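Participant: Generate coordinates for the sequence data below:
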Amino acid sequence: MTTKAAQHQLHISAFARSLAIAYAFSINKLYACAFFLPRSSVNNCNNANFGQFIHHHRHCTSSGVTIPLHLSSESDDSNTINHRIISPPNVLCVGETLWDYLPSGMFLGGAPTNVSVYLASLFKSSSSSPSSTIPTVAIAACLGEDQLGKEAQRRLSIKGVRTDYLQFHPGWETGMAIAIIDENGDATYEFNTPAAWDGLCLEEQFLGLMENESVNDVVFVMGTIAGRLQNNNEHGATSSTTLATIRNGAPEGTVVLDVNLRSPWYTPESVLKLARGTTTAKSSSEGSSDDEQQSPSKLALLKLNEEELVILEQWCELKGEYSDEDEDDGLTGSVLKERMARLATSLNAQRVCVTRGKDGAALLCKGNNENNNIQFYELA
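Facilitator: As a prediction, the model looks like this:
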């Protein structure tokens, strides 16, 4: 795969991820203003109009965030950087904002960062009129107090992403992912460690979004790689603790988790713990009013690719429940549907999105109770 092709695949994956988020939420009417199809069509969507929906809106975000690096002057920042905004966002993307260093140049990236840009664009393009209310998307990440950090903030603001949840680390540089291209054109990435994105702290505004009962429409989007440096490590990183606190403290069914397995920056225990989450409630039994009970917290959406699907099946002891003779190794049709449904049950996820590279993506949505049918869509 060439560098250009690898870069293109990165953008397709990010677009499929953000598209699945917007589309899955529109099914449950969390964002009425984000509908791209009439409500009747969305509620009864089949594979054909799902494909038309994606084809039509693929053009809205094709530019993405991959603009060749050009550092702005200090005078530009005052016109583009957001000031503090009091009202809560509709979507808060939590995790890493970094720069991908490719042979062809430097590009702004990070899974939650890409999602925030694409969602902001999708929401804007879905607005029926200039006066209609558009959902807002904010990014919560930690940048360095350097020029790359300022440029990242400037570009996010230009793209319509709220930056009032960004933090700046006084000692660590803005994150870099250096792409190493092998002789076959495949890329592996090396990260500067520790980097600013490892130092995301739990601020009061995060707690306010989770604890304020009047804020009931905030969706939290996070990825697993932002917690790469676990608690009590020698670097003093805080992002893993912040992710876990938001995951466990967010209201039921409001967290979207993007599985991003980059060796050596993960363990099965850390990924599954973040996926399943825990909610704590007081016991109602006599004599134990002060006891706390913990139970898994439902995910709004679990996103992963085809390789990560196999890995998580192994971790959840689901591997081996389909035959090698199944079509395309179980990555299409009813076999894939069953695999995704089993994983959704194991990880208590309301929806699962599997991206399959050049072969498209699949989205599974479970009903609110056992009597509801499972909705399954594929995009080739």
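Participant: Tell me where the protein has helices.
Facilitator: 3-27, 39-43, 47-57, 74-80, 111-125, 147-158, 204-211, 239-249, 268-276, 306-315, 333-346 (DSSP state H).
Participant: worst average pLDDT in those helices?
Facilitator: Mean pLDDT is lowest for helix 39-43 out of these, coming in at a mean of 30.
Participant: beta partners of residue 255?
Facilitator: Counting by DSSP bridges, residue 255 forms beta bridges with residue 220.
Participant: Please look at it and residue 275 and confirm they touch.
Facilitator: No. Between residue 255 and residue 275 there is no contact under Cβ atoms under 8 Å: 9.6 Å. C-beta here means a position set from N, CA and C on the backbone, and glycine is covered the same way.
Participant: what's the overlap in contacts for these two?
Facilitator: With contacts defined as Cβ atoms under 8 Å, 6 or more residues apart in numbering, the residues shared by residue 255 and residue 275 are residue 299.
Participant: which parts of stretch 142-156 are buried?
Facilitator: For stretch 142-156, the neighbour count (16 or more other Cβ atoms under 10 Å) marks 142-144, 148-156 as buried.
Participant: okay, residue 187: pLDDT?
Facilitator: 76.
Participant: What's opposite the nearest residue to it once chain neighbours are set aside in the beta bridge?
Facilitator: Nearest non-adjacent residue to residue 187, counting by Cβ to Cβ, 6 or more residues apart in numbering: residue 179, 4.6 Å away. Following DSSP bridges, residue 179 is listed with bridge partners residue 189.
Participant: Do you know the pLDDT at residue 179?
Facilitator: 87.
Participant: Against residue 220, how distant is it?
Facilitator: 29 Å (Cβ to Cβ, to the nearest Å).
Participant: which of the two has more neighbours?
Facilitator: residue 220 (25 against 18; other Cβ atoms under 10 Å).
Participant: so residue 107 makes contact with residue 98?
Facilitator: No. Between residue 107 and residue 98 there is no contact under Cβ under 8 Å: 10.0 Å.
Participant: Turn the buried residues of stretch 142-156 into CSV, columns for distance to residue 225.
Facilitator: Listed next are these as CSV, based on distance: Cβ to Cβ, whole Å:
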residue, distance to residue 225
142, 14
143, 16
144, 18
148, 19
149, 19
150, 23
151, 22
152, 17
153, 21
154, 24
155, 21
156, 19
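Participant: So residue 107 and residue 98 - more neighbours on which side?
Facilitator: More crowded of residue 107 and residue 98, by other Cβ under 10 Å: residue 98, with 26 against 21.
Participant: nearest spatial neighbour of that one, skipping sequence neighbours?
Facilitator: Nearest one to residue 98, counting by Cβ to Cβ, 6+ apart, is residue 175 at 3.2 Å.
Participant: Any idea how many residues pack against the one you found?
Facilitator: So residue 175, with other Cβ under 10 Å, has 28 neighbours.
Participant: which ones are touching residue 378?
Facilitator: With Cβ under 8 Å, 6+ apart, residue 378 has these contacts: 47, 332-333, 336, 360-363.
Participant: Selection in ChimeraX covering whichever of those residues are buried, please.
Facilitator: Selecting only the buried entries of the contacts of residue 378 in ChimeraX, with 16+ other Cβ under 10 Å as the criterion:
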select :332,336,360,361,362,363
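Participant: Just name the closest of the contacts of residue 378 to residue 351, please.
Facilitator: Using Cβ to Cβ, residue 363 is the member of the contacts of residue 378 that sits closest to residue 351, with 6.8 Å.
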